[in-house]
Each structure stands twice: as structure tokens, then as C-alpha cells.
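**Student:** Quick one: sequence and predicted model below, then my questions.
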Amino acid sequence: MQKANQDLPTACSQTEWRILALMILLTVGALLLPATFTRAAQPTPAAATRAVATTSSRPNVVMIISDDHAWTDYGFMQHPQLETPRLDRLARESLTFRRGYVPSSLCCPSLASIITGLYPHQHRITSNDPPIPPEFQRAAQTGKSGKAAQGAVGGFQQSAAFREGREIMNRNLESVATLPQILAKSGYVSFQSGKWWQGAYQRGGFTHGMTKGQRHGDEGLEIGRKTMQPIFDFLDDAQRDQKPFFVWYAPMMPHDPHTPPERLLDKYRARTDSLHVARYWAMVEWFDETIGQLLDELDRRQLSENTLVVYVTDNGWIQDPKQPRYAAKSKQSPYDGGLRTPILLRWPGRIQAEFADDLAMSIDLVPTVLAATGLQSASTLPGIDLRDTERRQARRTIQGACFTHNAVDLQKPAANLRWRWTVDAWHKLIVPDPDNQPDDRVELYDLKNDPMETKNLADVEKDRVQSMQRTLDAWWKP
């Protein structure tokens, strides 16, 4: 042993041993300190949720869809009586398209186009309801203006034929991709609330939702009118699980029944002689208040900075001042009163806020959302990314088609066609279907100088009619 010790290097001085010990301590400390600091810097669950919400490259998406709402009926669209402060603020904070359109002026096909990015003749949901069998048609015609007609319609909606028809419509939607389905593949969770016609929410690709499968949307229709809590509960789950989310907020508002709070009805009764108009206006402001609740909740949760908020309406509505229904050139028509809608896109710091008069369509929303979330759109989608200024400005024309309320044939869109329409810059052409609208004429309007479409120019601008007709036929010729 002694010999071995004698073979070792000369013993270190006391100072050298101290230096060696210090070096060892520094080395061990260097290894331990990063882990210590990492543990100390780990956020609480709430802070971690905020980090995901604000730094993720994939935004959350909230889609707000109003129901039976005229394009004129907003403060930011210069309505002289209506007050919509929360929508006005949203418009100021958004890329706002004042000349947005839906392809069809009827709820069910329009909503299907919003969720798929396809035209009605592509997804084959062209109508609100299935064909009416002959026995129910006879009953409706017999009591056409009274309770007998309503009873016939109600009886049909309770029949096996109705259920079978709706199932075909549901399967038509399932045959194409929907926005929540596509987002789910990238880890998104999604929530359906409000109007939803195509069966239970799962059949549209939503991971969460309210509608169980009845016409219009059953329990989903409580959203907005009764409560906003189901959406807030969903946000709790999404934040807890640190998941990006998609919210479909499509309340049955301002859609009838027009049953606003008395405080709002009293306010608007002082502004019009028509009780029906006052009720509708009050419904619009009530809807506006619910948007405020939703946007305030995003702010409270510190989600607004990384959330793309989208706004559109499913179709228009012009209130008949003499009765509780819509007026002519409104819902179900090929006029702007049924088709036109503002379209808003808000994503703070990522989409520049401005008002634009470029043409926009609801079929553009799917490709826009997919591009914003870093996902690629299918090449078959007809819409464009609305954030792309060059593509917007290069697109001179848009098209659409309106169909029968009850389908004639659930698998043949052309059988249900009433009108095709196209807008070229500021001119609009409406072409009636000879079978379903045999008494109608071709119509041409100058929307810039005649926004209410009162003066048909088809007889005096025949060359323009022919040119626009060729464009329309190239889009879809049944």
C-alpha cells in the first residue's frame, strides 16, 4: 500500500484542494440550476392556459351567425334607428366586407354552405325540408290560408316521410367534409350551438354540442335567448385540456318568434308605428347584446388576441310592417334583401381592420379559416382566403342559386332550382328557372345606383345580360 501511495502524484497543497472542491461544486451547480429554474418558471395551470391561448400559432375560431337579418340592419351599415353597439365595435376591429353574400337565401342550405364551403348544388342540401307527399299537399291546399294548412304542414313534419327525407339530407352532409371535421384532425375541439338542421351535432363533425337531431336545432335553440353558459362551459374544458377550439354560435336570433325583452321593445316602439317592425328591431339589439356577452368572455379569459372571430348571417329579412312575417324581396328571394350580408373577420394583430367593398361570400369562410389555422384547403373548394387582398380584388364576379323551401328531389339539385344569380362588379343578373318560376322574367340591376333593386335594366342592356348569362352558365348550368 505504501508503495502504491508513493507512486501517486505529489500531494496537493491545501489551497489547491480548495480550488478543486470549488470547481466540483460549480460543475454540479451548473447541472442542477437549469432544472431548478425550469421548475420554478413552470406556470400555474391558469397561466399555462393563457400561454397556449396567446402564443399558439393556431388560433381559436369563433363563428357568429345571425339568423334572418337584413344587410341594412346594423349601426355600422348606417341604419337610422337600430342600435348595434357590439357589432359596430366588432366591425371597427375587423376586416369588414360590406358587400358579402350567401349563395342561397334560405336557412338550411345557407348554413350547410357555411360549414362546408360548398354551393348548395354541390353538397345537395338545397331546401329546408324534404318533398311534401301528395296527401299532405292536398291537405295544405285545401286549407291554404288557415289552421288547416298549418296542421297539414305540422302533420307532415311528424310523419315517417319527413323523417326519412331528413335522414337523406343528413347523409348528404355526411358525404362531404365539414369545417369542424377538418379542424379535428389538427387537434381542435369544437362546439355547436343554435341552429343546426342536419341531425345531432356529431353528424356535422363537432366534438361537443347541444342539438340532438330535431328540425331547426332543438336544445341548441336555447343559446342566446335563454343562456350563454353552455359555450362558457365548453371554453372551460378547452382551456383545461389546452386545446385550440372552434365555436359555432348560431342562435335563432333575430329569427321569429320575435319575443324581445320588454325594455328593448319599449325602446323601439317609440321609433316606429309598426309593432312588428319594433319587435324585429328589438330582436336585433337583443342579439347584439349576446355577442357582447360572448366577446367579453373571450376578453375575460385572455383569449381574444389569439381568436379569429368570424361574423356572417345565414340569410336576410325585411320585416313586413303589417304582419309578423317577411316582406317581398327578402328571405327566400334572389334579391339582396335575402342574399346580402356583412362579413367580418377579427384577429388582433394578424388581420388589419378596415372596411372593404370587395365582393365576399360565405363559401369563402372555410378556406379563410383553414388558411388562418395553417391547414390547406381542398382544391375543390370554390371559395378564396379573404385575407388575400390580391385574390379578392381579382375576383370580379360571384354566383349563387335559390331553391324551393321543400325539395322536389333530394338528390337532384336542379329539380329544386328557382333562380340563379350573379354579381359582376356592381351589376346583378337574376335568371329564373323555367320549370319552377315559369312566369318570372330575367332581371338586371345596377346595385350601386339602385341598391333596393327597383329598376329592371334587362330590356335596355341586352348585351350585358348576354355576357353575364354566359358567366352564369359557365359556373353552373342545370
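**Tutor:** Alright, I've got the coordinates.
**Student:** Need the mean per-residue confidence for stretch 319-327.
**Tutor:** Averaged across stretch 319-327, the pLDDT comes to 97.
**Student:** For that stretch, could you pull out the residues that count as buried?
**Tutor:** Gln319, Asp320, Tyr326, Ala327 (16 or more other Cβ atoms under 10 Å). No exception for glycine: its C-beta is placed from N, CA and C like everyone else's.
**Student:** can I get these in JSON lines with secondary structure?
**Tutor:** Formatted as JSON lines, the buried residues of stretch 319-327 follow (DSSP: H, G, I helix; E, B strand; the rest coil):
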{"residue": "Gln319", "secondary structure": "strand"}
{"residue": "Asp320", "secondary structure": "coil"}
{"residue": "Tyr326", "secondary structure": "strand"}
{"residue": "Ala327", "secondary structure": "coil"}
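**Student:** any idea which of those is closest to His123?
**Tutor:** Closest approach to His123 among those (Cβ to Cβ): Tyr326, at 24.8 Å.
**Student:** Please tell me how far the residue lying closest to that closest one once chain neighbours are set aside sits from Leu179.
**Tutor:** Closest residue to Tyr326 apart from its sequence neighbours, by Cβ to Cβ, 6 or more residues apart in numbering: Trp317 at 5.3 Å. Counting by Cβ to Cβ, to the nearest Å, the separation of Trp317 from Leu179 is 25 Å.
**Student:** my read: Ala415 touches Asp409, true?
**Tutor:** Yes: contact criterion Cβ atoms under 8 Å: Ala415 and Asp409 qualify, at 3.9 Å.
**Student:** before we move on, the earlier item: who's in contact with the residue nearest to Tyr326?
**Tutor:** Counting by Cβ atoms under 8 Å, 6 or more residues apart in numbering, Trp317 touches Asp68, His69, Ala70, Pro254, His255, Tyr280, Tyr326, Ser330, Lys331, Gly337.
**Student:** try 6 Å
**Tutor:** Asp68, His69, Ala70, Tyr326, Ser330, Lys331 (Cβ atoms under 6 Å, 6 or more residues apart in numbering).
**Student:** Could you pull up the residues touching the fifth one?
**Tutor:** To tie it back to what came earlier, the one meant is Ser330. By Cβ under 6 Å, 6+ apart, Ser330 lies in contact with Gly316, Trp317, Ile318, Gly337, Gly338.
**Student:** Recalculate using a threshold of 8 Å.
**Tutor:** Ala70, Ser105, Gly316, Trp317, Ile318, Gly337, Gly338.
**Student:** for it, helix, strand, or coil?
**Tutor:** State at Ser330, reduced to three classes by three-state DSSP: coil.
**Student:** which residue sits closest to it, ignoring its sequence neighbours?
**Tutor:** Ile318 (3.9 Å).
**Student:** One more: the second one?
**Tutor:** Nearest residue to His69, sequence neighbours excluded (Cβ to Cβ, 6+ apart): Thr313, at 4.4 Å.
**Student:** where along the stretch 101-250 of the chain do the strands fall?
**Tutor:** Listed in chain order, the strands of the stretch 101-250 of the chain (DSSP state E, counting those that start in this stretch) span residues 189-194, 208-209, 245-250.
**Student:** Give me the contact list for the second one.
**Tutor:** Outside of strand 208-209, the residues that reach it under the criterion Cβ under 8 Å, 6+ apart are 189-193, 196, 200-202, 220, 234, 237, 248.
**Student:** same question, the first one
**Tutor:** Residues from elsewhere that reach strand 189-194 (Cβ under 8 Å, 6+ apart): 65, 67, 180, 183-184, 201, 204-211, 217, 220-221, 223-224, 230-231, 234, 237-238, 241, 243-252.
**Student:** run the last query once more with 7 Å
**Tutor:** Residues outside strand 189-194 that contact it (Cβ atoms under 7 Å, 6 or more residues apart in numbering): 180, 183-184, 201, 204, 206-211, 217, 220-221, 223-224, 230-231, 234, 238, 243, 245-252.
**Student:** Can you say which of those residues are buried?
**Tutor:** For these, a burial check counting by 16+ other Cβ under 10 Å picks out 180, 183-184, 201, 204, 206-211, 217, 220-221, 223-224, 230-231, 234, 238, 245-252.
**Student:** Quick check: beta-bridge partners of the spatially closest residue to Asp433 that is not a sequence neighbour?
**Tutor:** With sequence-adjacent residues excluded and distances taken as Cβ to Cβ, 6+ apart, Asp433 is closest to Leu417, at 4.4 Å. In this entry, Leu417 is beta-bridged to Phe403, by DSSP bridges.
**Student:** Can you get me a residue count around Ala270?
**Tutor:** Neighbour count of Ala270, defined by other Cβ atoms under 10 Å: 8.
**Student:** okay if I get the contacts of Trp317 as CSV plus distance to Gln469?
**Tutor:** Below are the contacts of Trp317 laid out as CSV (distance: Cβ to Cβ, whole Å):
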residue, distance to Gln469
Asp68, 31
His69, 31
Ala70, 28
Tyr326, 29
Ser330, 25
Lys331, 26
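**Student:** Can you tell me which of these is nearest Ile351?
**Tutor:** Of all those, Ile351 sits closest to His69, with 22.8 Å by Cβ to Cβ.
**Student:** Would you mind measuring from Glu262 to Arg269?
**Tutor:** According to Cβ to Cβ, Glu262 stands 10 Å off from Arg269.
**Student:** Neighbour count: those two, which is higher?
**Tutor:** Remark: of Glu262 and Arg269, Arg269 carries more neighbours, 17 against 9, as counted by other Cβ under 10 Å.
**Student:** list the contacts for that one?
**Tutor:** Leu275, Ala278.
**Student:** can you give me phi and psi for it?
**Tutor:** phi -60, psi -30 (degrees, to the nearest 10).
**Student:** pLDDT score for it?
**Tutor:** Note for Arg269: predicted pLDDT of 98.
**Student:** Over to the one 5 residues further on?
**Tutor:** At Ser274, the pLDDT value in this model is 98.
**Student:** ok now do it, which residues does it touch?
**Tutor:** Residues counted as contacts of Ser274 (Cβ under 7 Å, 6+ apart) are Pro321.
**Student:** Can you give me the distance of it to Val62?
**Tutor:** From Ser274 over to Val62 the distance is 34 Å, taken as Cβ to Cβ.
**Student:** What separates the first and last residues of stretch 206-214, distance-wise?
**Tutor:** End-to-end distance for stretch 206-214: 16 Å, by Cα to Cα, to the nearest Å.
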